[in-house]
Every structure is written in C-alpha cells, then in structure tokens.
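**Q** what's the 3D shape of this:
(chains A and B)
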Amino acid sequence: MALSFLDQRHTVAPPGYNRWLIPPAALAVHLCIGQVYATSVYKPALVAHFDVSLTAVGVVFSIAIVMLGASAAVMGTWVDRVGPRRAMFTAACFWAAGFLVGAVGIAAGWLWLLYLGYGVIGGIGLGIGYISPVSTLIKWFPDRPGLATGMAIMGFGGGALVASPLSRRLLELYDPDAEVPSGAAVAKLFVTLGVAYFAVMMLGVFNVRVPPPGWRPAGFAPAPERSGSLVTSRDVSAASALATPQFWLLWTVLLCNVTAGIGILEQAGPMISDFFRGDDGRTSVTATEAAGFVGLLSMFNMAGRFVWSSTSDYVGRKPAYMGYLGIGMVAYALLASAGDASVALFVALAALILSFYGGGFATVPAYLRDLFGTYQVGAIHGRLLTAWSVAGVAGPLIVNRFLDARGEPGALVAADYRPALFTMVGVLAVGFVANLLIRPVAERHHLPETASRVPSQAS
Amino acid sequence: MAHTEPAGPEPEAAGSDVPRLVVSWLIVGVPLVYGVVETIRAILPLFGG
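**A** Coordinates of the predicted model:
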C-alpha cells in the first residue's frame, strides 16, 4: 500500500537516530495548528464579506476549539495505536483540508461551509495534531519529559505569533488598497495557509520516529521507585485511568488553571484600557499600546510553556502546579487590588499569570506520564483536554457576566473587574486543593508488566 | 523494512545527522524567530518605543 510508510512498524528509529530530531518534528505540527489563535486578523474582513455579526464569525473559532477537545478525546486511543507518523499525516490532511474547504465557503459566500471546513474539519486536525507527538516525545526524553513536551506545546503558543503578522502581510499583498481586506483576499490567504501548513507538517511526518522498545538515552538510569512517589514505572490503560480519582483531580487542576488564564486572555485589550481610565472617562492607554499588551501576553504564554514545563523536571510536577496555582492566586489578588497603581505592575502581573497558564498546558503531559506511565499517555492526554473545552466556555463566561452587570464596554474601570478577578482567585484555589489531593495511583489500576511492553498490539 | 534495534543505552548521534538536524531546526526556528521579532515590534509602543 502506498501509504504503508506511515505504519508504526516503519517508524521505529534505526540505531543512532538523533532524538533531537523529534522536537522540531513536533514543533512543525504545533506551530501550524497554533494558527487557530490568530483568527482575529481576518475577522473584520469576514464580518464585512458575509455581512453578519462578529459573534457569527466568532462561532468558527468556537467550533474549532470544541472539535479540538472532542477529537483529542475520541481519537487519543487511535493515535497511540497507529503511532505518531500516521497521526501527524492525518492531522495535516484535516488541517489543510479545513483551510481549503473554508476558502471555498468564503469564495462562494457560504458561511455554513466555513463552519464545516475550518471549524469542523480543521478542528479535527487540531485535536489529532495537538496530541500526536506527545507520547513519542515522552518516550524519547524519559530523563526530561517536561522539557520535551514544553518545546512542542510552546509551538502551539508560538503558532499565533507567526500566523498573525504573516496573515497581515499576505492580506496586504492580495488586496493592497483595501482598508478592510475583501473576501477574495481572505479566501486566497486560506489557500496559501492550507498549502504552506501541509508542507511544514510533512517535515514532522517524515522526521518523527518512535524509539525501539527498551531504548533509553545514554547515561540515563531510571530512578528506583520510592514508596509514596507520584512517579511510577508502571502503566495504566486509558480506560482504567478514567476510573481513578487522580485523572479527575488533574482534570480539575487543568480546568481551573485554564479558566483563570483565558479570563485574562479573552479580555486583555479592553482590560488594560479600562484599568487606566481616568475620572473624565478617557483611558491613558492607546489602542496601539493595548495591542502591544496582547502581543506581550502571547509571548509570556509561549515562554511559560517552555520555561515552567522544563523547570518541572527538576522541582517535580506537583510542586510546579502548586506554584502555578498558588502564586497565580497571589498575582490575581494583587491585580484586582493594586493593578491600577501602575502600568508596569499591571503588565508584570498579567504576564506572570499568562506564563503560568502556558506552563499548566505544557506540564500536564509529563504529570500524566508520572501518574499513569507511557503506555497510553497520548490517549489519556486527549481525554484530559476536554477540560480545555469546558474552560474555553467557563473563563469568558465568568468575566463577561460580571462585566455585563457592571456597565457598558468602553465605560468600565478597574473596580468593575474586581468581582471577576477575585472569582478567579477562588477558581485557582479549587485547582490548588485538587492538586494537593493527588496521590499515587493505586496498584489495582496498573497493567501487568508484560501487557504494556507490547506496543500497538491492536493494530 | 524491519529493524532489529538493541535495547538499552543508545550511543549519541552520528555526525551525519548534523545537516538534517540543522535544516529541521531552521524550518521551525526561522518562522518562530520571525513571529517573536514581529511581536516585539508590536510591543515596543507599550514601553514608549
């Protein structure tokens, strides 16, 4: 069969294969799918083209994120079974097809086709692509799993940093004189991005390899398992993991951490303007500065994924989350009570919170590895990401409900944000307690030693 | 084709991997650096730049 090179058996690394080829393979996928956070660039153009509300266009993004969580949860076991190469290839096909079908929808003026293309088809590519390299990275870097997954998941944060300026430049090229780019220009942008992302993701497809069974890096000897340690050398299947309290406690931790981060991320631009609004109703922060603030948060979101996840290899996963959630609570409380004292303090606190938001995302695969082993860590990670989908709804809902009750957009001040921000302190406190309650997984959930040593037995 | 891989510690990569390693990291690194630079340019007004 022509696509047999995608089979798991053809992806086993030959002796001497350099494991540092795996992070760029993972980054190639995550940098491309991270584009989903750069949709704001062409939103006004789509609103004008389809002559619909901003909310109607925003639904495309919401569908894509819901499909990300759903497909990661449903397809996780398949991804673990068929291996990273076939999973990455499938993700590339869905992600590129999503852009191409979406482009047809824009060109034809059919919004429903844009929903189906970018939202549903592209969203499936997002979910499969997000989890596809995770278990492979953990297997190649048993000595530094946090560093490895941090590098890949950093790419998801960095994808928007690349796609935003690139999309702006391409739209200027396709429709040079327009203040708001035409639908035709956005359709051309979608075709360009679809083709380019498919090509870059193929780098990941061709470079990714799984280590041979029993492989370990030179000089690495697994630490002997200590009684009461969260880090296990045993494996738990995805089905069994769902029956453990540890999975649901970690699900709660992720939900709380992401809810708190999204609360700021969604409202970042208006928030900084409102915090520094004077008695005359005018803000001292310009629109350009507010846009810069949003960019700064994206940078810290990306950097946090790499820095904090790598740090967790040294301090341990549980203490790392105690930091994300505990220091996050203090930062949120300071933001609420004293954030309007100075722009520098406001920016520093928000940047710290967003770095923990990113860190929480990137550290969670390594935490799962510690608790449930490597056997079906991709599938377990996929199921855990449903917390992200819930947080994607809960975070903005909490902030928007409070703000709606306080007044009209454009007339809010720092005090109007306090109820929402103190609620986020409470949300983080729930996550902090959930993390404290995590204990080693009970012996009865472990697979027999031989069962988990046979890879892809179901393929 | 099937491989028979040894279990246990793996020697570090052969030197022939270096060009592939450089190209692979460049393909993902260059766009990432471009994104970071563009973002820093957008951030500068926030600090009076």
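**Q** who touches A:Asp279 in this structure?
**A** If a contact means CB atoms under 8 Å, 6 or more residues apart in numbering or on different chains, then A:Asp279 has no contacts. The C-beta positions use only the backbone N, C-alpha and C, and glycine is treated the same way.
**Q** and it, its phi and psi?
**A** phi -60, psi -20 (degrees, to the nearest 10).
**Q** how close does it get to chain B?
**A** For A:Asp279, the distance to chain B equals 23 Å [CB to the nearest CB, to the nearest Å].
**Q** ditto for A:Ile398
**A** For A:Ile398 relative to chain B (CB to the nearest CB), the value is 26 Å.
**Q** pLDDT on the helix or strand containing that residue, on average?
**A** Per DSSP states H and E: A:Ile398 is located in helix A:386-406. The average pLDDT within helix A:386-406 is 84.
**Q** pull out the buried positions in that helix.
**A** Across helix A:386-406, burial judged by 16 or more other CB atoms under 10 Å in any protein chain shown covers A:386-389, A:391-392, A:394-396, A:398-399, A:402-403, A:406.
**Q** burial count for residue 17?
**A** Just going to use chain A. Neighbour count of A:Tyr17, defined by other CB atoms under 10 Å in any protein chain shown: 23.
**Q** look at chain B instead
**A** Neighbour tally, B:Asp17, other CB under 10 Å: 16.
**Q** repeat for the one 3 residues further on
**A** A count of neighbours around B:Arg20, defined by other CB under 10 Å, yields 14.
**Q** next: the one 10 residues further on.
**A** Neighbourhood size, B:Val30 [other CB under 10 Å]: 11.
**Q** now swap in the one 5 residues further on and tell me
**A** Residues contacting B:Gly35 under the criterion other CB under 10 Å number 26.
**Q** part of a strand, is it?
**A** No - according to DSSP: H, G, I helix; E, B strand; the rest coil, the state of B:Gly35 is helix, so it is not within a strand.
**Q** quick check: closest non-adjacent residue to it.
**A** Once flanking residues are discounted, B:Gly35 sits nearest to A:Leu161: 3.3 Å by CB to CB, 6 or more residues apart in numbering or on different chains.
**Q** buried set for whatever helix or strand that neighbour lives in?
**A** Using DSSP H and E, A:Leu161 maps to helix A:145-174. Buried residues in helix A:145-174, defined by neighbour count with 16+ other CB under 10 Å: A:145-168, A:170-171, A:174.
**Q** helices of the stretch 251-400 of chain A, start to end?
**A** Assigned by DSSP state H, counting those that start in this stretch, the helices in the stretch 251-400 of chain A fall at A:287-315, A:317-338, A:343-372, A:377-384, A:386-406.
**Q** would you turn those into JSON lines with distance to A:Val29?
**A** Formatted as JSON lines, those follow (distance: least, CB to CB, whole Å):
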{"stretch": "helix A:287-315", "distance to A:Val29": "15"}
{"stretch": "helix A:317-338", "distance to A:Val29": "24"}
{"stretch": "helix A:343-372", "distance to A:Val29": "14"}
{"stretch": "helix A:377-384", "distance to A:Val29": "13"}
{"stretch": "helix A:386-406", "distance to A:Val29": "17"}
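**Q** among those, show me which one is buried the most.
**A** When the helices of the stretch 251-400 of chain A are scored by mean count of other CB atoms under 10 Å in any protein chain shown, the highest mean neighbour count falls to helix A:377-384 (a mean of 28).
**Q** what does it rub up against?
**A** Residues outside helix A:377-384 that contact it (CB under 8 Å, 6+ apart): A:72-77, A:79-80, A:127, A:131-132, A:134-135, A:138, A:236, A:238, A:241-242, A:247, A:250-251, A:254, A:364-365, A:368-369, A:372.
**Q** in the stretch 1-150 of chain A, which residue sits nearest chain B?
**A** Using CB to the nearest CB, the single residue of the stretch 1-150 of chain A nearest to chain B is A:Asn18, 3.4 Å away.
**Q** would you check that that residue makes contact with B:Pro19?
**A** No - using CB atoms under 8 Å, A:Asn18 makes no contact with B:Pro19, being 11.3 Å away.
**Q** counting neighbours, go ahead and name the busier of these two.
**A** Applying other CB under 10 Å to A:Asn18 and B:Pro19 shows that A:Asn18 carries more neighbours, namely 20 against 9.
**Q** any idea which helix or strand in the chain has the lowest mean pLDDT?
**A** With no chain named, the answer covers chain A. helix A:386-406 (a mean of 84; mean pLDDT, DSSP states H and E).
**Q** and the nearest residue to A:Val377 once chain neighbours are set aside, backbone torsions?
**A** The shortest distance from A:Val377 to any non-neighbouring residue, by CB to CB, 6+ apart, is to A:Ser135 (4.7 Å). Note on A:Ser135: backbone dihedrals following degrees, to the nearest 10 are phi -70, psi -30.
**Q** how about A:Gly373?
**A** In this entry, A:Gly373 is assigned phi and psi values of phi 80, psi -170 (degrees, to the nearest 10).
**Q** again, but for A:Arg216
**A** With angles defined as degrees, to the nearest 10, A:Arg216 sits at phi -150, psi 150.
**Q** neighbours around A:Lys139, how many?
**A** Applying other CB under 10 Å, we find 22 residues neighbouring A:Lys139.
**Q** surely A:Leu403 and A:Asp416 touch.
**A** Yes - between A:Leu403 and A:Asp416 there is a contact under CB under 8 Å: 6.4 Å.
**Q** where does chain A have low pLDDT?
**A** A:1-2, A:224-228, A:450-459 (pLDDT under 70).
**Q** residue most distant from the centroid, it?
**A** Distance from the centre of chain A peaks at A:Asp280, with 39.9 Å (CA atoms, centre = their mean).
**Q** dump the residue contacts of A:Gly395.
**A** A:Val258, A:Thr259, A:Ala260, A:Gly261, A:Ile262, A:Gly263, A:Leu265, A:Glu266.
**Q** scratch that, A:Ala196
**A** A:Ala196 is in contact with no residue at all, counting by CB under 8 Å, 6+ apart.
**Q** what about it, which helix or strand?
**A** Per DSSP H and E, A:Ala196 falls inside helix A:183-207.
**Q** list the buried residues in that helix.
**A** Neighbour count says helix A:183-207 has A:183, A:185-194, A:196-198, A:200-201, A:203-205, A:207 buried, by 16+ other CB under 10 Å.
**Q** relative to helix A:145-174, how tilted is that helix?
**A** Put simply, helix A:183-207 runs at 150 degrees to helix A:145-174, going by axes from the mean of the first three to the mean of the last three CA atoms, to 10 degrees.
**Q** show me how far helix A:183-207 is from its chain's centre.
**A** Helix A:183-207 sits 20 Å away from the centroid of its parent chain (CA atoms, centre = their mean, to the nearest Å).
**Q** next: stretch A:76-86.
**A** Remark: stretch A:76-86 is offset 19 Å from the chain centroid, using CA atoms, centre = their mean.
**Q** cool, and stretch A:403-418?
**A** 29 Å.
**Q** who's in contact with that stretch?
**A** A:267, A:270-271, A:274-277, A:281, A:336-337, A:339-340, A:402, A:419-420.
**Q** between those, which is nearest A:Glu179?
**A** Using CB to CB, A:Pro270 is the member of these that lies nearest A:Glu179, at 22.3 Å.
**Q** who's in contact with that closest one?
**A** Residues in contact with A:Pro270 (CB under 8 Å, 6+ apart) are A:Ala290, A:Pro409, A:Gly410, A:Leu412.
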